[in-house]
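Q: Model the structure of this input:
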Amino acid sequence: STNGHNKNNNLIGVMGQNIKSVQFIIYNRWGEKVFETTNMNDKWNGYYKNKKLTPQVFIYYAKVEFYSGKKENLSGTITLVE
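A: As a prediction, this is how the structure comes out:
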């Protein structure tokens, strides 16, 4: 979604059904952790230490455990745009 200034206003997080637990971590290209949560309601807004980060590519890792006992490890990239 966008706000009234045509700026990217999306929040990034883990969504799904029947999830028992989650660990979601985002790193910058230098390997510095910029976001981490174990709460599915927490979303990343593109800020780190109260500063908006510049457009760049970030790496995410997510460990998800479902109530069924199934576990998944996911990873990929997120491109932050202006």
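Q: what's the spacing between the residue lying closest to Thr79 once chain neighbours are set aside and Phe66?
A: Across the structure, with Cβ to Cβ, 6 or more residues apart in numbering as the measure, the residue nearest Thr79 apart from its sequence neighbours is Val57 (5.2 Å). Where C-beta positions appear, they are placed from N, C-alpha and C, glycine not excepted. When distance is defined by Cβ to Cβ, to the nearest Å, Val57 is 29 Å away from Phe66.
Q: The two: who's more crowded?
A: The neighbour count for Val57 versus Phe66, taken as other Cβ atoms under 10 Å, is higher for Phe66 (15 against 10).
Q: wouldn't the more buried one be in contact with Lys20 here?
A: Yes - using Cβ atoms under 8 Å, Phe66 makes contact with Lys20 at a distance of 6.0 Å.
Q: Run through the residues that contact Ile12.
A: Under the criterion of Cβ atoms under 8 Å, 6 or more residues apart in numbering, the contact partners of Ile12 comprise Ile26, Lys43, Trp44, Gly46, Tyr60, Ile78.
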